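**Student:** I would like to see how this sequence folds:
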Amino acid sequence: MYSSMQFGASAYARVGVETSIVDANPHRLIVMLYEGARSAIAIAQMQMQAGNVAEKGAAITKAINIISGGLRDALNMEAGGQIAARLASLYDYMIRRLFQANIDNSAAMLAEVDGLLATLEEAWLGIQPSMDQPAPASAQR
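**Tutor:** As a prediction, the model looks like this:
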């Protein structure tokens, strides 16, 4: 009975996430990627403290996949110029640190990557486009 309840809750959560993704603008999608990576790191930290090696590894892998397959792949290297190149390098660094954190069982490395992600997330939220602002004159033509 517990497993069917857990399955139902999990399915409900998936539908909520899928609905959020469909309804989200590109800016919100990046925020969701930051949130997802940070959540996976928090789970990895809890699993590390509990001594659950497989679950810790799965959570770290999830964070790596979000950073590499979501955040890094979303970069537009042509339009983003140096900023995109620097973010790509930072994401690569985070991925290496997460791999090393998994190998060394290092909570400090997980915290380091979480801190970097938190800083980027905060900066990204700070540049959130306002829906109340009129379109630039060049876009109105």
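
**Student:** remind me, longest helix of this structure?
**Tutor:** The residue-count maximum for a helix in the chain (DSSP state H) belongs to helix 77-104.

**Student:** quick check: mean pLDDT across it?
**Tutor:** In this model, helix 77-104 has a mean pLDDT of 97.

**Student:** Can you spell out which helices and strands pack onto it?
**Tutor:** Applying 3 or more C-beta pairs under 8 Å, 6 or more residues apart in numbering; DSSP states H and E, one finds that helix 77-104 makes contact with helix 26-50, helix 53-66, helix 107-126. The C-beta positions use only the backbone N, C-alpha and C, and glycine is treated the same way.

**Student:** Dump those helices to JSON lines, plus mean pLDDT, mean neighbour count and distance to residue 98.
**Tutor:** As requested, those are arranged in JSON lines below (pLDDT from 0 to 100; neighbours: other C-beta atoms under 10 Å; distance: least, C-beta to C-beta, whole Å):
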{"stretch": "helix 26-50", "mean pLDDT": "96", "mean neighbour count": "17", "distance to residue 98": "8"}
{"stretch": "helix 53-66", "mean pLDDT": "98", "mean neighbour count": "18", "distance to residue 98": "5"}
{"stretch": "helix 107-126", "mean pLDDT": "97", "mean neighbour count": "15", "distance to residue 98": "6"}
